[in-house]
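Asks: Show me how the following folds:
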Amino acid sequence: MAPATASDLSPTTQLAQALIQKPSVTPADEGCQQLLTKRLQPLGFHCEQINRGSVTNLWATKGSTEPLVVFAGHTDVVPTGPLEQWQIPPFQGEIREGMLHGRGAADMKGSIAAFICACESFLKKNREHRGAIGLLITSDEEGPATDGTVAVLDVLAERGQIIDHCIVGEPTSTERLGDVIKVGRRGSLGAKIIFHGVQGHIAYPHLARNPIHLALPALQELIAIEWDQGNDNFQPTSLQLSNIHGGTGASNVIPGSLEVSMNFRFSPEVTEDYLRKTTEALFDRQNLEYSIDWRLSGQPFETQHGELIKAVSESIRGVTGYSPETSTSGGTSDGRFIAPTGAQVVELGPINATIHKVNECISIEDLELLTHCYEGVLDRLLIKE
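Replies: Okay, the predicted model is just below:
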């Protein structure tokens, strides 16, 4: 089958393809936001860069009245992994058998293209509408996420600018487009622990203190704890050890320290403070010598059923014929920063089967459906009745 030509492709697919062709591995943007600005300014959007550190952030708005409906997304992508395992080069943006291939196709350059084209279509049909439209686009979602959305929100807070409704384009769908929307997420609390011992010769263990032997019983007890049972809307809190490192590389040396990384994904049934204190109390009870560095990536959040969930659900039903399931499962997103400002936050995006994988791709049919879903949300929130 011959590759599709530009004239065969919809505006959403063409824009998604152009974005994929920019190798914006986090925190690089590689001109993606410049391209978006060129599309938004003719529509009447005021576009500004709110950059911090090495991170590029676009804040674009049209209108100044309430409600402010914002599309939030990121132009940065995760590294490609082994290039030889890709069937199509990851930044080529090639279409084969109805699928657009490339790093970021589903997470989340496809969603961003759908944002822009939904705005174009909505504004072409509705020169007069209530409220305002915004886009918050960062290049720091896949990285530390300290200079991206957070930086923009800091500036908005200084200005007294409030987001009322926010649609995040994270890939939430599982089997078919729009079958799942995220209305919240569990919190994320990470820790890097160093257990201290005394280095020595393997043959003289009485002259050393092996931190691996000392820490293992405590770690086993820690991972056996049932922290909570979750609730009707949230999965239970879980703890995972993600990395353990100790030793000098020599088989005849008892190490002097053991480094452990771990992460809690926690429900609203427990608090960050409870997780910290319980963990440290367990280590203290077992007389371990340790230092610990905690990092809170986000608190749990949930958007209650209201105007935004209703608009998103009705739009999906109008486009696809079925109603979405609401969920709080999965990893974190930049919604964790936006929700605490008081905004209603819903995540809606493509099928997530290939995200962060080799040979990431998205259906060009789904790109069109997603564009219509986003436009339908604007219709329901901003058209005067």
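Asks: domains of the chain?
Replies: In terms of domains, the chain is parsed into 6-185+300-382, 187-298 (source: automatic domain parsing).
Asks: Report the distance from the longest one to the chain centre.
Replies: It stands for domain 6-185+300-382. Centroid separation for domain 6-185+300-382 versus its chain: 10 Å, with CA atoms, centre = their mean, to the nearest Å.
Asks: now do the shortest one
Replies: A distance of 26 Å separates the C-alpha centroid of domain 187-298 from that of its chain, computed with CA atoms, centre = their mean.
Asks: can you give me the strands for the stretch 101-250 of the chain?
Replies: Ranges of strands in the stretch 101-250 of the chain, per DSSP state E, counting those that start in this stretch, are 132-138, 165-168, 180-182, 184-185, 187-196, 200-201, 238-246.
Asks: Just put those in CSV and tack on distance to residue 360.
Replies: Backbone N, C-alpha and C define where each C-beta goes, glycine included. Listed next are the strands of the stretch 101-250 of the chain as CSV, based on distance: least, CB to CB, whole Å:
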stretch, distance to residue 360
strand 132-138, 19
strand 165-168, 19
strand 180-182, 19
strand 184-185, 22
strand 187-196, 23
strand 200-201, 48
strand 238-246, 23
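Asks: Between the ones you listed, which one is closest to residue 281.
Replies: Among the strands of the stretch 101-250 of the chain, the nearest to residue 281 by CB to CB is strand 187-196 (14.0 Å).
Asks: Could you check the angle the closest one makes with strand 238-246?
Replies: Following axes from the mean of the first three to the mean of the last three CA atoms, to 10 degrees, one obtains 30 degrees for the angle between strand 187-196 and strand 238-246.
Asks: What is strand 187-196 packed up against?
Replies: Judged by 3 or more CB pairs under 8 Å, 6 or more residues apart in numbering; DSSP states H and E, strand 187-196 is in contact with helix 211-223, strand 257-266, helix 272-285, strand 290-298.
Asks: just checking, what packs against the longest one?
Replies: It refers to helix 272-285. Here helix 272-285 touches strand 187-196, helix 211-223, strand 257-266, strand 290-298, going by 3+ CB pairs under 8 Å, 6+ apart.
Asks: 7 Å instead?
Replies: With contacts defined as 3 or more CB pairs under 7 Å, 6 or more residues apart in numbering; DSSP states H and E, helix 272-285 has these neighbours: strand 187-196, helix 211-223, strand 290-298.
Asks: Any buried residues in the last one, and which?
Replies: For strand 290-298, a neighbour-count test (16 or more other CB atoms under 10 Å) marks 290, 297, 298 as buried.
Asks: which residues sit against whatever helix or strand comes next after that strand?
Replies: With elements assigned by DSSP states H and E, the helix or strand that comes after strand 290-298 is strand 301-302. Contacts of strand 301-302 with the rest of the structure, by CB atoms under 7 Å, 6 or more residues apart in numbering, involve 183, 184, 185, 233, 328, 335, 336, 339, 340.
Asks: can you list these in JSON lines and add distance to residue 48 and pLDDT?
Replies: Converted to JSON lines, these look like this (distance: CB to CB, whole Å; pLDDT from 0 to 100):
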{"residue": "183", "distance to residue 48": "30", "pLDDT": "96"}
{"residue": "184", "distance to residue 48": "30", "pLDDT": "95"}
{"residue": "185", "distance to residue 48": "28", "pLDDT": "95"}
{"residue": "233", "distance to residue 48": "36", "pLDDT": "91"}
{"residue": "328", "distance to residue 48": "33", "pLDDT": "94"}
{"residue": "335", "distance to residue 48": "22", "pLDDT": "94"}
{"residue": "336", "distance to residue 48": "24", "pLDDT": "94"}
{"residue": "339", "distance to residue 48": "23", "pLDDT": "95"}
{"residue": "340", "distance to residue 48": "23", "pLDDT": "94"}
